[in-house]
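# Predicted coordinates and the sequence they were generated for:
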Amino acid sequence: MAGIGFELRKYLNEDSFTGSLKAYGFAGLISAGPWVLSIVGVMLIGIVAVSQKIGGHEVEQFTTSVTWMMGVSLILSGLLQLVFTRFIADRLFEGKDNEINPNLFGAMLLTTIVSGAIGLAILITLFDESFSYEFLMLGNFVTLNNVWIVVIFVAGLKKFKLVLYAFAAGYATTVCLSIILIPYGINGLLGGLLAGHAMLLFSMLTVVIPEHPVTNTNTVRADFLKRKQIFPILIFIGLFYNFGIWIDKFMFWYNPGTSEAVIGPLRASLIYDLPIFLAYLSIIPGMAVFLLRIETDFAEAYDGFFNAVRGNASLQEIETLGNEMILSVREGIFQILKVQGITVLLLYMLGPKIIAWLGISDKFIHLYYIDLVGVAAQVLMLAVLNVLFYLDRLSDAFWLTLTLLVSNGAFTWITLQMGPQYYGYGFGLSMTLTAFVGIFLLSSELENIEFRTFMRPRDATA
């Protein structure tokens, strides 16, 4: 992601309001645009389907199916994403470009087999729907898992516009095909979604593969599974993070008092899903600042400090660069707090009008306000987690993501027992607590950063 930030800085260097607007606008689109496009795409399909007299329950079945596919695929692929990303980064650092694509193909093969087997087992044991529905669900699930793996490469190659364009093209295809296939009901909608996801996946692959051509006959490798070349702790971090983000949704979906059965074993929570979705739209400004300030300013200061450590710089020069790195972290976090705080304040004041404009009951506004604060804390937590990754503090990242998972699960369970007036507080308190824990861990690491850098054991991975 640092490469993306550096490209965007070109707009900031124009030293004009227009340049700044371009930089923050593109940063917001790049960091949150694909997620927004995917959600908006699914919503558009639902709106068009309803307008074409498709039954409301069938549309709900489609949106619920897609939401579950998204959540479960992110959790499952999270087991491999960070491990694989670190493996590729190390190979690129070593100049072993010829190992990139074979291991990409190996990762995709593994992802396809595992996600296919798990998806098939779930469909056979828990679902009793039509063959066409189950087949399309399985195809979408496997494709989505591969999308989450491949998108890492596209970002790493600085093809940041491609990420946005690929998601736009993929979900535009989904919407168009779904409109054509609406007469076939939920199977037509899922068929259009599968075609869009396939276009999204292969459009990224066509850019990734030529960047690192295969120079031998061994086109599929699994070096990323070798114990000596990976960091197993990243498996748990990826799992804890994604599961920690979704666990409150699962708990509301499976609590009989806050959800309803939609299709097969899949459930949805009307009272919880819509407010948190609206709150997540507020993440865009904070993510734009995160991309520009943490992934650019801090990344530059980080490179300067550790290049000095590895080179022949004097202690005074190293201390100066270390202070600049610490200052860039503080400034980045402050900017995120400021921008996201202003965003939350504006959306808080506009809350009643937004709820009324959408035609939603004002009973949702209380939960919407709480979720706004929780989402803002999540942006801050993500920024801190990113800096910990830069500093190779994997043990701190492990405890941070574990805090997220345990606190979100525990607080959400407690608030479910306390009653409707406390719904959402579990998510909000968990994200806030995790953000503060992350700041504490990061502050401890940055204190005497020079001493910690030189005295860290050679084999340390955290």
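Cool, the structure landed.
# Show me which positions of the host helix or strand of residue 410 end up buried.
For residue 410, the element it lies in under DSSP states H and E is helix 394-418. Using 16 or more other C-beta atoms under 10 Å as the test for burial, helix 394-418 gives 394, 396-405, 407-409, 411-412, 415-416. C-betas here are computed from N, CA, C, even on glycine.
# where does the stretch 1-150 of the chain dip in pLDDT?
Applying pLDDT under 70 to the stretch 1-150 of the chain flags the ranges 1-37, 46-56.
# I meant to write the stretch 201-350 of the chain there.
For the stretch 201-350 of the chain, applying pLDDT under 70 flags the ranges 214-218, 295.
# show me where it has helices.
Remark: helices assigned in the stretch 201-350 of the chain by DSSP state H, counting those that start in this stretch are 233-253, 270-280, 283-289, 299-310, 315-357.
# Next: the stretch 1-150 of the chain.
So, for the stretch 1-150 of the chain - with DSSP H, counting those that start in this stretch - the helices run 2-12, 17-51, 56-93, 100-126, 131-156.
# Let me have the helices of the stretch 201-350 of the chain in TSV, extended by distance to residue 72 and mean neighbour count.
Shown next, in TSV, are the helices of the stretch 201-350 of the chain (distance: least, C-beta to C-beta, whole Å; neighbours: other C-beta atoms under 10 Å):
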stretch	distance to residue 72	mean neighbour count
helix 233-253	8	22
helix 270-280	16	20
helix 283-289	21	24
helix 299-310	32	17
helix 315-357	28	16
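# can you tell which of those is closest to residue 423?
Smallest distance to residue 423 across the helices of the stretch 201-350 of the chain (C-beta to C-beta): 6.6 Å, for helix 270-280.
# which residues touch the closest one?
Helix 270-280 is contacted from outside by 35, 39, 67, 249, 252, 258, 260, 354, 358, 360, 363-364, 367-368, 371-372, 374-375, 420, 423-424, 427, using C-beta atoms under 8 Å, 6 or more residues apart in numbering.
# Quick check: ChimeraX command selecting the buried ones in the residues you listed.
Selection of the buried residues among these in ChimeraX, burial being defined by 16+ other C-beta under 10 Å:
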select :35,39,67,249,252,258,360,364,367,368,371,372,374,375,423,424,427
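# quick one, the helix holding residue 410 and helix 270-280 angle?
Angle, helix 394-418 to helix 270-280, by axes from the mean of the first three to the mean of the last three C-alpha atoms, to 10 degrees: 140 degrees.
# What is helix 394-418 packed up against?
With contacts defined as 3 or more C-beta pairs under 8 Å, 6 or more residues apart in numbering; DSSP states H and E, the packing partners of helix 394-418 are helix 233-253, helix 365-390, helix 425-446.
# To residue 337, which of these lies closest?
Closest approach to residue 337 among the helices and strands packed on helix 394-418 is made by helix 365-390 (6.7 Å; C-beta to C-beta).
# I'd like the helices and strands packed on helix 394-418 as JSON lines, with distance to residue 296 appended.
Output for the helices and strands packed on helix 394-418, formatted as JSON lines (distance: least, C-beta to C-beta, whole Å):
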{"stretch": "helix 233-253", "distance to residue 296": "23"}
{"stretch": "helix 365-390", "distance to residue 296": "12"}
{"stretch": "helix 425-446", "distance to residue 296": "18"}
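# Please name whichever of these is nearest to residue 302.
Among those, helix 365-390 sits nearest to residue 302 (C-beta to C-beta), with 5.5 Å.
# Tell me which residues touch residue 250, please.
Neighbour list for residue 250: residue 71 [criterion: C-beta under 8 Å, 6+ apart].
# if I look at it, how far off is residue 429?
18 Å (C-beta to C-beta, to the nearest Å).
# same check, this time on residue 175
37 Å.
# One more: residue 408?
Distance from residue 408 to residue 429, by C-beta to C-beta: 9 Å.
# Could you do residue 185 as well?
41 Å.
# now the helix holding residue 410 and helix 425-446, what's the angle there?
Using the same axes, to 10 degrees: helix 394-418 against helix 425-446 is 160 degrees.
# and for helix 394-418, what are the contacting residues?
Helix 394-418 is contacted by residues 231, 233-234, 236-237, 240-241, 243-245, 247-248, 251-252, 255, 257-258, 381, 384-385, 388-389, 422-427, 429-431, 433-434, 437-438, 441-442, 445, 461-462 when judged by C-beta under 8 Å, 6+ apart.
# let's go with 6 Å and repeat that
233, 237, 240-241, 243-244, 247-248, 251, 255, 385, 388, 422, 425-426, 429-430, 433-434, 437-438, 441, 461-462 (C-beta atoms under 6 Å, 6 or more residues apart in numbering).
# One more: stretch 76-83?
With C-beta under 6 Å, 6+ apart, stretch 76-83 has contacts from 145, 148, 230, 234-235, 237-239, 242.
# and if we set it to 7 Å?
Under the contact criterion C-beta atoms under 7 Å, 6 or more residues apart in numbering, stretch 76-83 has outside partners 107, 111, 115, 118, 145, 148-149, 152, 224, 230-231, 234-235, 237-239, 241-242.
# Please save the CA atoms from that stretch in CSV.
C-alpha atoms of stretch 76-83 as CSV (Å, rounded to 0.1, in the frame of the first residue of the first chain):
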residue,chain,number,x,y,z
LEU,A,76,-11.5,-18.1,5.7
SER,A,77,-9.1,-16.3,3.3
GLY,A,78,-7.8,-14.3,6.3
LEU,A,79,-6.0,-17.5,7.4
LEU,A,80,-3.7,-17.2,4.3
GLN,A,81,-3.7,-13.6,3.3
LEU,A,82,-1.2,-12.1,5.7
VAL,A,83,1.1,-15.2,5.6
